[in-house]
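> the following comprises the amino acid sequence and a computationally predicted model.
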Amino acid sequence: MSEFLQVVLSGLATGSIYALAAIGFTLVWQAAQTVNFAQGEFVMLPAFFVLIALHWLGWPLWAALAFGLVISVLVLGYLFKRLIVQPMLPSTGLPLIIATMALSILLKEGAKQFYGAEAQPYPPLFPQTTMSIGGAIVSMQDILNLVVSLAVVVALTLFLNRTRTGRCIQATAQNPQVAEILGVNTRRMVLYTFLINAALAALASMLISPVYLAKFSNGETLGIVAFIAAIVGGFNQIRGALVGGLLIGVLDNLTATYVTASYRAALPLVLLIIIILWRPQGLLGTSEGRQV
Amino acid sequence: MQSRRTILATALTASVFVAAPWAAAWAADDAVLVPCVCELSGPGAVSGTNYRDGAHIAVDEINAAGGILGKKIDMPDYDTQTDPQTSRALVQKAIDAGAYAIMGTVYSGSTVVNMLVAQQAGIPQFTGAEAPSITEKGNAYIFRTASSSAKGVPALTAYFKDTLKVKKIAVAWVNNEFGKGGHDVFINEMKGAGIEVVADVPSEQGQADFAADVSKIKQSGAEAAFVYVNEEESARLLREAKKQGLTIPLVGEVTLTGQKVIDLAAGAAEGALAHVGLATSAPDPLIQEFVKKFQDKYKRDTDHNGIKGYIGVYAIKYVTEMNGKLDSQALADKLHGLTLKVADHPGMLLDTSWDKNGELSRPSFMTQVKDNKQVVIGMVPAN
Amino acid sequence: MRAYLKPALLLVGLAALIVAPLGQGNYVIYLLSSWLIFSIAAMGLNLTLGYAGQISLAQASFMAIGAYSTAILTLAGWPWVVGMLLGVVLCLVVGLLLGFPALRVKGHFLAFVTLAFNSLVFLVSRNEEWLTGGIYGLSGMPRPSVLGFAMTKNLPFYYFTLFVFVVFCGLFYGIVRSPWGRAFKALRENPIRAESLGIDTRRLTLMAFAIGSACGGLAGALVTPLVQYIDPTSFALGHSLRILLMVVVGGAGYFFGPILGAAVVILMPEFLRFTEGYYLMIYAVLVIVLMIYCPSGLIGLGRKLRDLVRRKPVDRGDLKAGAQL
């Protein structure tokens, strides 16, 4: 029993970080109707911005984190939108998808060339103290990761539903033409979406890197997991991405513990195929209309 | 319109054919061509880059001292992108360019593919790979620069049986060709030693969460665990083990007590043990001198792959000079069953022997992490 | 005059392919063979992508199915042709099974399903050691012999590959030019109009995907005797992305696009090697720029340049329709 609890709790902590990356997927999907194949790299890179501020500039941790967040929003949000997505609009679709694939290679190789190919230790944000819950041992870090991710999802949902800007963003995602006619500055709203995505990716990066370590190739694994989480949960719902992320984190551990470790990576994939067969809009997705 | 497209396609294709042979035909006659085919990008980039940089240190030293038989070594680098098929093509390219010998590749998955090409052409190849299967295929042209896990793991059997005196053991391994090789040898060894394997836990490369792995080991009642995973995964597993309060000895082969793992595990590596064929921390003046040279030249620390590359190039030099001629076949013939003593051949760093399959043997070390440093706690003689 | 130009050019191209490996080293011959093989895989994907407008991220795993079928059967003593046919048929069936549910719904679901499928094929070929040799793969597959001539040397095998390639191109051209192929094109240009003209778009897309996948199987069947060693990592997701890049860089929807794209993707590292570790970055930037300024790939770029020279008035795609967002 304690083993069950152990792997479920650890899975939830890891899954909550997958969820943050997965939310980014759904946001970009909403804003540009495209699949961002560089999303994994978007989560890999901010950790390196933080490390640059810490080790090259010699800044204290809080300043380095702020630096990482600002640079991420600038580069992965503004520049990504301005230099890659915008020139392709309105003819998105395939070329944009291919461009994000190329971007993922560029970011990955860039991180390797400029910071190094080896994994880097990354300072923890939260204390490492552990506690026992019903025989399972969890660290403060695990619990706080989960709490922060949940808080972000709640805050983001409130922002999108309760504020004027949030509703404008939703309107833009659902029907840009009509939103434009109604006086919404759709360009600006799309930009906001990209900035929020970058900030979420930076947050995910800062939460996962103490556990996952900073390495140029991290995006390969993270990107696919986030992608699957987004589809399983529902591509057009933020809370869907959260559920998808948590589900994959937990199922991965449960399969490895009770079924077979050599096929642990297969379960999320099978889940994905089943979801597409049975409920293509995802577990929590809505089948009609788009929603942020 | 259709025809214009055809023109374009034909023209481009044609230009490709015209250009291709020139790229391969630059090998100078007055140099000894030893291409380094290794993993400079992709998942194997860390190992491959260290291997290449170690090899280049040796090349620079040898060239500064007059080269091999008066000829300078020319070592172009070919990047396999850690892709077996690309590596196969590049070994072919190296041979077409007139390679005397080939350095690389480091990843076992690539080496098993490309060594067939070098074998057909009769060109000796110095691999950094450690999978046992490589020297079990009767290939007379493949030579290791580090012992295989088939050599390394048995050295641990005695340790588990006699020093730790365990009856039940767990094994955590990464499910790729590196981990599988070590795992299979280990299972066999344990059977032979009468130690029961109570938990057999494979993990994926790049796995984030080791909670299930550690939990399984913990529940199995194992008295020690053999950990055979890559560096980052080692660090993550050690951290999770510390978190879950796993107190049994964790014993690895090569990676587990490396400085990189110690840094990444942030304190969780304390007490971990490992058998290391080539330790950069070995209390040996020649190895320490090499580690310092590497540090001075590249402003970073090497792992054992840097040493592999270094001694590979020196082996080519020493044996060629013994033969007195640049003959690839003679180089391969001479290496089988040869022992190079470090007293006469300082570039080998340690006494090194090759058997008839190209398997290598030399003294190795038992190491442990103490105060966040790799400490040598015992020497294991060559087998 | 123009009527003669095209066959003449094709003959010149074929002659170039026949002459190309003569006097070359094994490396160049190997590279040429692998270019032809990847062209086949990319042309198959082009059917799915360029003609039917659906993204498949599993072309490498179809190559895996073809390669493993051929390897297992030839190792058991069957002739290459049997292994190849089995691989192709398997791919066709798997393509239908995968595509059927995925194409039921709108959107990029085929991309998602194929992405998962590619990873699953990797896991199965790694874990099922009894069948696939596990992570160490299979080796020592014999090269085929034709009319008693063994293709063991690299040069004869290149000509064997070329022969298969030419036959394949003929068949493929037949498909593209058939009423069926024209329907594919109609589908890509305007699915709604195609539907209104009575074309069953879903069935057509499904067939395009299944046939495209079968081409991947054929390419895989050729990889086995070429490399004579296959293992799961050679067919991982990254390789599917690589084949996708071949199609897009060359020009999706053009007959010669994937062939050109395969040449560029395979040979690019060769030409950018002097940039050392930066070549992948340069390559990535070039692809992004190409996608921004000319999404129709290199062939599209060539046409664009030609139109510039001819001073024909053209609509630039990126100026059309105003900004939506």
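Yep, that arrived. Remember, predicted model here, so these are calculated numbers, not experimental data. Numbering: from 1, shown residues only, chains lettered A, B, ... in the order given.

> quick one: average pLDDT of stretch B:299-319?
When pLDDT is averaged over stretch B:299-319, the result is 92.

> and that stretch, how far from the chain's centre?
Stretch B:299-319 has its average C-alpha position 11 Å from the chain's average C-alpha position, going by Cα atoms, centre = their mean, to the nearest Å.

> how about that stretch: buried residues?
Using 16 or more other Cβ atoms under 10 Å in any protein chain shown as the test for burial, stretch B:299-319 gives B:301-319. In short, each C-beta sits where N, CA and C put it, glycine included.

> quick one: is it near chain C?
No - where contact is defined by Cβ under 8 Å from any Cβ of the partner chain, no part of stretch B:299-319 touches chain C; the two come within 14.7 Å at best.

> export that stretch as PDB, just CAs?
Output in PDB follows, covering the C-alpha atoms of stretch B:299-319 (Å, rounded to 0.1, in the frame of the first residue of the first chain):
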ATOM      1  CA  LYS B 299      38.800  24.500 -20.100                       C
ATOM      2  CA  ARG B 300      36.600  21.700 -18.900                       C
ATOM      3  CA  ASP B 301      37.000  18.300 -17.300                       C
ATOM      4  CA  THR B 302      36.900  15.100 -19.300                       C
ATOM      5  CA  ASP B 303      35.300  11.800 -18.400                       C
ATOM      6  CA  HIS B 304      36.900   8.400 -19.100                       C
ATOM      7  CA  ASN B 305      36.100   8.800 -22.800                       C
ATOM      8  CA  GLY B 306      38.800  11.400 -23.100                       C
ATOM      9  CA  ILE B 307      41.300   8.800 -21.900                       C
ATOM     10  CA  LYS B 308      40.000   6.300 -24.300                       C
ATOM     11  CA  GLY B 309      40.600   8.500 -27.300                       C
ATOM     12  CA  TYR B 310      44.000   9.500 -26.000                       C
ATOM     13  CA  ILE B 311      45.300   5.900 -25.600                       C
ATOM     14  CA  GLY B 312      43.700   4.800 -28.800                       C
ATOM     15  CA  VAL B 313      45.900   7.100 -30.800                       C
ATOM     16  CA  TYR B 314      49.000   6.200 -28.900                       C
ATOM     17  CA  ALA B 315      48.300   2.500 -29.400                       C
ATOM     18  CA  ILE B 316      48.300   3.200 -33.200                       C
ATOM     19  CA  LYS B 317      51.600   5.100 -32.900                       C
ATOM     20  CA  TYR B 318      53.400   2.500 -30.800                       C
ATOM     21  CA  VAL B 319      52.300  -0.500 -32.700                       C
END
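
> that stretch and chain A, any residue contact?
Yes - against chain A, stretch B:299-319 shows contacts by Cβ under 8 Å from any Cβ at residue B:300.

> same question, stretch C:61-73
No - counting by Cβ under 8 Å from any Cβ, chain A is not contacted by stretch C:61-73; separation bottoms out at 11.8 Å.

> what about that stretch, distance to the chain center?
Centroid separation for stretch C:61-73 versus its chain: 16 Å, with Cα atoms, centre = their mean.

> which residue ranges of chain A form strands?
For chain A, applying DSSP state E gives strands covering A:130-133, A:136-139.

> will you turn those into TSV that also has distance to residue C:293, mean neighbour count and mean pLDDT?
What follows is the strands of chain A, written out as TSV (distance: least, Cβ to Cβ, whole Å; neighbours: other Cβ atoms under 10 Å in any protein chain shown; pLDDT from 0 to 100):
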stretch	distance to residue C:293	mean neighbour count	mean pLDDT
strand A:130-133	54	12	87
strand A:136-139	50	22	88
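
> for residue B:133, what are its contacts?
Residues near residue B:133 by Cβ atoms under 8 Å, 6 or more residues apart in numbering or on different chains: B:108, B:112, B:181, C:136.

> my error: substitute residue B:234 in the last question.
B:227, B:252, B:255, B:256, B:261, B:264, B:265.

> swap the cut-off to 7 Å and go again
Taking Cβ atoms under 7 Å, 6 or more residues apart in numbering or on different chains, we find residue B:234 in contact with B:227, B:252, B:255, B:256, B:261.

> cool, and residue B:112?
For residue B:112, the contacting residues are B:133, B:134, C:136, by Cβ under 7 Å, 6+ apart.

> helix, strand or coil: sort out the first one for me.
In this case it means residue B:133. In three-state terms, and counting by DSSP: H, G, I helix; E, B strand; the rest coil, residue B:133 is helix.

> and the contacts of residue B:112, which is closest to chain A?
Nearest to chain A among the contacts of residue B:112 is residue C:136, at 14.9 Å by Cβ to the nearest Cβ.

> wait, doesn't that closest one sit right on residue B:178?
No - assessed by Cβ atoms under 7 Å, residue C:136 is found out of contact with residue B:178, at 11.4 Å.

> look at the two and report which has more neighbours.
Using other Cβ atoms under 10 Å in any protein chain shown as the criterion, residue C:136 and residue B:178 rank with residue B:178 on top: 25 against 21.

> Three-state assignment for that one, please.
Following three-state DSSP, we place residue B:178 in the helix state.

> contacting residues for it?
Residues in contact with residue B:178 (Cβ under 7 Å, 6+ apart) are B:108, B:131.

> swap the cut-off to 10 Å and go again
B:44, B:47, B:107-109, B:129-131, B:149, B:205, B:228-230, B:255, C:135 (Cβ atoms under 10 Å, 6 or more residues apart in numbering or on different chains).

> now swap in residue A:84 and tell me
A:32, A:38, A:96, A:99, A:100, A:102, A:103, C:288, C:289, C:291, C:292.

> with adjacent residues omitted, what lies nearest to residue C:255?
Excluding the flanking residues, the one nearest residue C:255 by Cβ to Cβ, 6 or more residues apart in numbering or on different chains is residue C:176, at 6.4 Å.

> isn't that neighbour right next to residue C:52, touching?
No - between residue C:176 and residue C:52 there is no contact under Cβ atoms under 10 Å: 11.7 Å.

> the more surrounded of these two?
Set side by side, residue C:176 and residue C:52 show more neighbours around residue C:52, with 28 against 18, by other Cβ under 10 Å.

> quick check: phi and psi on that one?
Here is the backbone geometry of residue C:52 (degrees, to the nearest 10): phi -100, psi -10.

> this completes my enquiry, with thanks.
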